[in-house]
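Q: After the sequence you'll find the predicted model.
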Amino acid sequence: MDNVIEVSGLRRRYGGSGADGFEAVRGVDFSVRQGEIFGLLGTNGAGKTSTVELLEGLAPPTAGEVRVLGYDPYRERARVRPYTGVMLQEAGFPADLTVMETARMWAGCVSKPVPPIEVLTQVGLAGRADVRVKQLSGGERRRLDLALALTGRPRVLFLDEPSTGLDAQARKDTWQVVRDLRDQGVTIVLTTHYLEEAQDLSDRIAIMSAGRISVTGTPAEVMAARPARIRFRLPRGLDPAHLPLPGPVDVWQGKVDAQTHDVQRDLTRLLVWAQEAGVELADLDARAATLEEVFLSLTQEAAR
């Protein structure tokens, strides 16, 4: 599968080259394949917004190279922009226009647009077509943002916090729209603070810290790089050192918290031992590391 986005040695600096300057992106490399959802994650100030702006062609990099659909998105913007869609974190629309009027206005700005009623139906806003923008809820405005990003039939779609303000059902519906686009061959770059969203939607993710990519891979690969956990209530009178678990364990408020890189093997060993010893492991819980745990661990390491 061909790479639609290629980034090599990417750097972006604000201000001068001296002490007053700030380097937001510090040598980033990654690629995104056609028909892939690529989640770019990071805390505020990690450099992800600056990176996406370079991908969108809003500014030139200080150093390094960006290619979108084989072109430089800044210097060859006319070759790239007709094939990209952008859903900003917050967009401004004329408040007194209706939803349909807004969609028609936007359709007039792109070549070969999707018919407005079709794109509004796609995001669940057809029934609100005659409502003025100022009367929409926050979640409905986000769906309108998405509709406009899809109007130009993009081959590459940038989504910035696409489900902010959506209720649970609207969020699930939006996720399905994104998956359908991926299945149609659209390449999607997703930035979000909802780690559940990133884990559920992304084919691959990259986590940025302090302007660099700390880890990249499928969600499963990223989570597998961190130890799983086994937790249970410590049986009364039992010395934690006698537990058949690898390495030292933490005990807090009577509960054991053990880390393992082979949860199946170590959990089986623990259960067999407990059965043979007649020991009850109350509140037993074993699970792989979550994306949130990996994210917090990486960002804390970068802050040290």
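A: Yes, it's here. Numbering: from 1, shown residues only.
Q: So what does the residue nearest to Ile37 when sequence neighbours are not counted look like in phi/psi?
A: By the measure of C-beta to C-beta, 6 or more residues apart in numbering, the closest residue to Ile37 outside its immediate chain neighbours is Ile188, 4.6 Å from it. No exception for glycine: its C-beta is placed from N, CA and C like everyone else's. Here the main-chain torsion angles of Ile188 (degrees, to the nearest 10) amount to phi -130, psi 130.
Q: For Gln34, see how far away Ile188 is.
A: 11 Å (C-beta to C-beta, to the nearest Å).
Q: more crowded one of the two?
A: Ile188 (25 against 16; other C-beta atoms under 10 Å).
Q: What separation do you get for that one and Leu291?
A: From Ile188 to Leu291 the distance is 18 Å (C-beta to C-beta).
Q: Ile207 and Leu296 touch, don't they?
A: No. With contacts counted by C-beta atoms under 8 Å, Ile207 stays clear of Leu296, the gap being 10.4 Å.
Q: between these two, who's got more neighbours?
A: The residue with more neighbours, out of Ile207 and Leu296, is Ile207; 27 against 13, by other C-beta under 10 Å.
Q: Packing partners of the host helix or strand of the more buried one?
A: According to DSSP states H and E, Ile207 maps onto strand 204-209. Applying 3 or more C-beta pairs under 8 Å, 6 or more residues apart in numbering; DSSP states H and E, one finds that strand 204-209 contacts strand 22-33, strand 37-42, strand 212-217, helix 219-224, helix 291-303.
Q: just the strands in the chain please.
A: 3-14, 22-33, 37-42, 63-68, 84-87, 156-160, 187-191, 204-209, 212-217, 228-233, 250-252, 255-260, 285-287 (DSSP state E).
Q: Would you indicate which residues of the last one are buried?
A: Of the residues in strand 285-287, those buried under the neighbour-count criterion (16 or more other C-beta atoms under 10 Å) are Ala286.
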